[in-house]
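Student: here is the input, now give the coordinates:
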Amino acid sequence: RGGRAKDQGVLCPVGEAASAPSPADSDLHALYPLIVHTATPTWPRRGTNEVEEHRQWEDRLFSCYQNGFSAAAASHSSSICRHLEIVSPLLGAGTKGAPVGEAARVAANAIAAWLLKPTPRHPQDGNDV
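Tutor: Down below sits the predicted model:
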């Protein structure tokens, strides 16, 4: 796990993000020159302190989205293009065990929160990034 970022020696704590260039020989490189990797939390097991574990899971998954989006935006800030496109799978579901509905709820909240943050102005023309 970890793909190219891991190959380059980048390991993230849960909730953090790291970026790496996509492989130049990949068919997707022209569309997605940068890949952001996040370390997602595992869904809490039954029998643990479920309320506290669930809150921590939610906070960490939310951080994955926030940090991932911020990493993508930071790498984009030097670009002359004014539009940022981010493509993301549903984080936390699948092998990490979270129910799709729970993971989708956190994703929607994280996306909305990130979009509502004030954005830096584009240095070349004064427009929003």
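
Student: mind listing what Val14 touches?
Tutor: Neighbouring residues of Val14 by CB atoms under 8 Å, 6 or more residues apart in numbering: 39-41, 60, 64. Heads up, the C-betas are built off the backbone N, CA and C, glycines and all.

Student: tabulate the residues you listed (CSV), appending neighbour count and distance to Glu53.
Tutor: Shown next, in CSV, are the contacts of Val14 (neighbours: other CB atoms under 10 Å; distance: CB to CB, whole Å):
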residue, neighbour count, distance to Glu53
Ala39, 19, 17
Thr40, 24, 15
Pro41, 23, 9
Arg60, 20, 11
Cys64, 26, 16
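
Student: which ones among these are found in helices?
Tutor: The helices in this structure, assigned by DSSP state H, contain 60, 64 from the contacts of Val14.

Student: show me where this structure has helices.
Tutor: Taking DSSP H as the criterion, the chain carries its helices at 3-7, 50-76, 100-116.

Student: what comes up buried for the second one?
Tutor: Which is helix 50-76. Residues of helix 50-76 classed as buried by neighbour count (16 or more other CB atoms under 10 Å): 53, 57-58, 60-69, 71-73, 76.

Student: so for it, mean pLDDT?
Tutor: Regarding helix 50-76, the rounded mean pLDDT is 91.

Student: again with stretch 18-32
Tutor: With pLDDT averaged residue by residue, stretch 18-32 scores 87.

Student: if anything else comes up later, I'll come back, but that's it for now.
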